[in-house]
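K.L.:
Structure for the following, please:
(chains A and B)
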Amino acid sequence: MLRFITSRLLQSLLALFAVITATFFMIRFVPGGPFTAEKAVTPEILRNLEAHYGLDKPLWRQYADYLASLAQGDLGPSFKYPNRTVNEIIGDKLPVSAELGALAIGFALVLGVTLGTLAAVFRNTWIDYAASGFGLLGISVPTFVVGPLLVLACAIHLGWFNASGWYGPADRVLPTLVLGLAYAAPISRLTRGGMLEILGQDFIRTARAKGASEWRIVTRHALRGGLLPVVSYLGPAVAGILTGSFVIETIFQIPGIGREFVNSAFNRDYTLVLGTVILYAVLIMALNLVVDVVQAWLNPKVRLEG
Amino acid sequence: MDAAANSPAAAPEQGSSLWHDAWLRLRKNRLAVAGLAFLVFVAVTCLLGPLFSPYGYEEQRLDLGASPPGAQHWLGTDTLGRDLLVRTLTGGRVSLGVGLAATFVALTIGVVYGAVAGFVGGKRDAFMMRVVDIMYSLPFPIFVILLMVFFGRNIILLFVAIGAVEWLTMARIVRSQVMAVKRMEFIEAARSLGYGRRRIIFRHILPNILGPVIVYTTLTIPAVMLLEAFLSFLGLGVQPPMSSWGVLIKDGAEKMEEFSWLLVFPAALFSLTLLSLNFVGDGLRDALDVRSSKD
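P.N.:
Modelled structure (predicted):
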């Protein structure tokens, strides 16, 4: 186990290094710079600005400097927000995205696992068809359709919520619903598949023969194995959901990290782009590792190999 | 896939080939048939519809502005007075086209990569699959966004970028299939006849793993179309005045308070198309999965 984790950590570090290098040079070789959009910048001011941020040094030198400060956890100053560091901006925006993500993933898990389990237990009844239909619908109808439609219905016509914004608890409802539904659908499908496989196995029959109640069989015996497919899905999903959904944050005008990332790319804010990319990469890699370990714990048959 | 391997695709036995069986099974799946019919209908309408329309997709009538659905404009017009029906159909061409093209890119890369890795095996295979593992752990949507922001937003780059993201799973599927097939006797026979590697991979192995490849391809198309629409929704994909379903949904979402039809029609068509593609994909999976025919 320890060997597996170490080797995966090393592998991830290598991949992370590749990501940083690729992104660093990619954004430098595209036309436009962080200061080209600003009006009336005389060449002199531009030179001063570039000197201030170290952009006048040779590229390899900038790269080395960046890596050196990164090693100390410093993501550098933002080029677009004067006097703000990338660390501060991420510290500001990430909690918003994380809160939305946590709410949505909680909602998605409760709804998805319940529906999927019901569908498996009542296989081929109307409950199963309804749950499976929901799953297909959730996969086919994207968030940027569900979102505006829900806003149209619940906010504009019924007036229950604000159409956008991120202030009071009521503002959390619609974004959580929309984001959660998108993840509940695949979770319910995976749960159903996993549960069907487990419920057909011998140890379930043994438990039935011993007179265990159906409720006990499902919750105590079957769920642990039946949720395996969900666990492997959750790794990448949680990373995506915690770091914010670009679409949801755009629709509801939520000041999260996803929107900040898209803006930073438009603004050529080199350090902010790099900082967010690194954040995403680290989160995805860490969560994949967690998933592998949890899977091995849930299912002793899984062997961990570096 | 055993059935396919044992009775070569060319077997003249009537009604017992894998493909014939699969077709019979698919035909019994009402959802898949309905999905297929709907897809054909949408594809034909999008291709031919704009030719018969009196309006062009860019044609503006500012005096008309946004008008609700009526006899003149069946789906109404947008705020610039452009006919929504023509824009939706033209958008369908773009969305379906990008979906097919990007899937083709993903298919080609994935199949070749996976087949080579599975066939050569050993250390080279281990290395190639490790590369895939690492790429899986990268934040790809982010790279697509960066690419689109930095390198202008042309459609060619869009589907190359999407295709480059979506090939990973295909490579994994193909590899595992190739590894299963390459140990079979008819491959050994081909080898003993002195055929080269390339010929064995492309003429003898690939035709026998078509089933899973087709299934996964059908399921990739909706995923790709979703990605295109997602990018267009963020303003990073197809650019106005060109139309695509993502662009139309974005426009509609911005103006839905007053002109709800601008959102409802494109969104409904897009969702129904994705749903149909998923029905067909699921149906094909059930139909081609030889194991499931036992129960």
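K.L.:
count of residues packed around the closest residue to A:L199 other than its chain neighbours?
P.N.:
Nearest residue to A:L199 in three dimensions, chain neighbours excluded: A:A222, at 5.6 Å (C-beta to C-beta, 6 or more residues apart in numbering or on different chains). (Each C-beta comes from the backbone N, C-alpha and C, glycine too.) A:A222 is flanked by 24 other residues according to other C-beta atoms under 10 Å in any protein chain shown.
K.L.:
What's the separation between A:A222 and chain B?
P.N.:
20 Å (C-beta to the nearest C-beta, to the nearest Å).
K.L.:
Equivalent analysis for A:G138, please.
P.N.:
The span separating A:G138 from chain B equals 11 Å under the rule C-beta to the nearest C-beta.
K.L.:
Report the contact partners of the residue nearest to A:L199.
P.N.:
Shown in contact with A:A222 (C-beta atoms under 8 Å, 6 or more residues apart in numbering or on different chains): A:M195, A:I198, A:L199, A:I204.
K.L.:
Pull up the gap between it and A:E50, please.
P.N.:
Distance check for A:A222 against A:E50: by C-beta to C-beta, to the nearest Å, it reads 63 Å.
K.L.:
sorry, back to before: what about the contacts of A:A222, which are in helices?
P.N.:
The helices, defined by DSSP state H, take in A:M195, A:I198, A:L199, A:I204 from the contacts of A:A222.
K.L.:
my guess is the third one contacts A:A120, does it?
P.N.:
Right, A:L199. Yes - at 6.2 Å, A:L199 and A:A120 qualify as touching, with contact defined as C-beta atoms under 8 Å.
K.L.:
higher neighbour count, the two?
P.N.:
For A:L199 versus A:A120, the count of surrounding residues by other C-beta under 10 Å is larger for A:A120: 25 against 19.
K.L.:
what residues are up against the residue lying closest to that one once chain neighbours are set aside?
P.N.:
Nearest residue to A:A120 in three dimensions, chain neighbours excluded: A:M195, at 3.5 Å (C-beta to C-beta, 6+ apart). By C-beta under 8 Å, 6+ apart, A:M195 lies in contact with A:G116, A:T117, A:A120, A:V121, A:V218, A:A222, A:L223, A:G226.
K.L.:
now, which of those sits nearest A:A239?
P.N.:
In terms of C-beta to C-beta, no member of the contacts of A:M195 lies closer to A:A239 than A:G116, at 21.7 Å.
K.L.:
pLDDT score for that closest one?
P.N.:
Predicted confidence (pLDDT) at A:G116: the value is 87.
K.L.:
quick one: contacts for the closest residue in space to it that isn't next to it in sequence?
P.N.:
In space, and not counting its chain neighbours, A:G116 is closest to A:T191: 2.6 Å by C-beta to C-beta, 6+ apart. Taking C-beta under 8 Å, 6+ apart as the criterion, A:T191 is in contact with A:G112, A:V113, A:L115, A:G116, A:T117, A:A119, A:A120, A:G226, A:L227, A:P229, A:V230.
K.L.:
again, 6 Å this time
P.N.:
A:V113, A:G116, A:T117, A:V230 (C-beta atoms under 6 Å, 6 or more residues apart in numbering or on different chains).
K.L.:
Give the buried residues for the helix or strand harbouring the third one.
P.N.:
For A:T117, the element it lies in under DSSP states H and E is helix A:86-121. Applying a neighbour-count criterion of 16 or more other C-beta atoms under 10 Å in any protein chain shown, the buried positions in helix A:86-121 are A:86, A:89-90, A:93-94, A:96-101, A:103-105, A:107-109, A:111-113, A:115-121.
K.L.:
now do stretch A:234-241
P.N.:
Residues of stretch A:234-241 classed as buried: A:L234, A:G235, A:P236, A:A237, A:V238, A:A239, A:G240, A:I241 (neighbour count, 16+ other C-beta under 10 Å).
K.L.:
now swap in stretch A:272-290 and tell me
P.N.:
In stretch A:272-290, residues buried by neighbour count (16+ other C-beta under 10 Å) are A:272-281, A:283-285, A:287-289.
K.L.:
Helices along the chain, start to end?
P.N.:
Defaulting to chain A. A:2-28, A:43-52, A:59-71, A:86-121, A:126-140, A:143-150, A:170-199, A:202-209, A:214-216, A:223-226, A:228-242, A:246-251, A:257-267, A:270-298.
K.L.:
oops, chain B please
P.N.:
The residue ranges that make up the helices of chain B, judged by DSSP H, are B:2-6, B:18-28, B:30-52, B:84-120, B:122-136, B:140-150, B:155-181, B:185-192, B:197-199, B:210-233, B:245-255, B:261-288.
K.L.:
can the longest one be found next to chain A?
P.N.:
No - contact between helix B:84-120 and chain A is absent, the nearest approach being 12.1 Å (criterion: C-beta under 6 Å from any C-beta of the partner chain).
K.L.:
what's the closest of the helices of chain A to B:M225?
P.N.:
Of all those, the one in closest proximity to B:M225, counting by C-beta to C-beta, is helix A:126-140 (10.4 Å).
K.L.:
Does anything pack onto the closest one? Which helices or strands?
P.N.:
Helix A:126-140 makes packing contacts with helix A:86-121, helix A:170-199, helix B:261-288 when contacts are defined by 3 or more C-beta pairs under 6 Å, 6 or more residues apart in numbering or on different chains; DSSP states H and E.
K.L.:
if I pick residue 118, what's in contact with it?
P.N.:
Reading this off chain A. With contacts defined as C-beta under 6 Å, 6+ apart, A:L118 is in contact with A:I127, A:A131.
K.L.:
my bad, the chain I had in mind was chain B
P.N.:
If you count contacts by C-beta under 6 Å, 6+ apart, B:G118 has them with B:R175, B:V178, B:M179.
K.L.:
how deep is the last one tucked in, by neighbour count?
P.N.:
The criterion is other C-beta under 10 Å. On that basis, B:M179 has 16 neighbouring residues.
K.L.:
got it, and the one 3 residues further on?
P.N.:
When neighbours are counted by other C-beta under 10 Å, B:K182 registers 20.
K.L.:
Over to the one 3 residues further on?
P.N.:
The burial count assigned to B:E185 is 9, neighbours taken as other C-beta under 10 Å.
K.L.:
what separates it from B:L206, distance-wise?
P.N.:
18 Å.
K.L.:
same question, A:M1
P.N.:
For A:M1 relative to B:L206 (C-beta to C-beta), the value is 39 Å.
K.L.:
same deal with A:S132?
P.N.:
Computed with C-beta to C-beta, the distance linking A:S132 and B:L206 is 33 Å.
K.L.:
can you check A:N83 too?
P.N.:
Taking C-beta to C-beta, one finds A:N83 at 59 Å from B:L206.
K.L.:
Which one's more surrounded, these two?
P.N.:
Regarding A:N83 and B:L206, a neighbour count based on other C-beta under 10 Å identifies B:L206 as having more, with 18 against 7.
K.L.:
Give me the nearest residue to the more buried one, chain neighbours excluded.
P.N.:
Beyond its immediate neighbours in the sequence, the residue positioned closest to B:L206 (C-beta to C-beta, 6+ apart) is B:A115, lying 6.4 Å away.
K.L.:
Count residues in the vicinity of the one you found, would you?
P.N.:
Counted with other C-beta under 10 Å, residues neighbouring B:A115 total 23.
K.L.:
wait, doesn't it sit right on B:I201?
P.N.:
Yes - between B:A115 and B:I201 a contact is recorded at 5.3 Å, counting by C-beta atoms under 6 Å.
K.L.:
Reformat the helices of chain B into JSON lines and put mean pLDDT next to each item.
P.N.:
Compiled in JSON lines, these are given as follows (pLDDT from 0 to 100):
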{"stretch": "helix B:2-6", "mean pLDDT": "45"}
{"stretch": "helix B:18-28", "mean pLDDT": "76"}
{"stretch": "helix B:30-52", "mean pLDDT": "84"}
{"stretch": "helix B:84-120", "mean pLDDT": "85"}
{"stretch": "helix B:122-136", "mean pLDDT": "80"}
{"stretch": "helix B:140-150", "mean pLDDT": "73"}
{"stretch": "helix B:155-181", "mean pLDDT": "80"}
{"stretch": "helix B:185-192", "mean pLDDT": "82"}
{"stretch": "helix B:197-199", "mean pLDDT": "81"}
{"stretch": "helix B:210-233", "mean pLDDT": "81"}
{"stretch": "helix B:245-255", "mean pLDDT": "82"}
{"stretch": "helix B:261-288", "mean pLDDT": "83"}
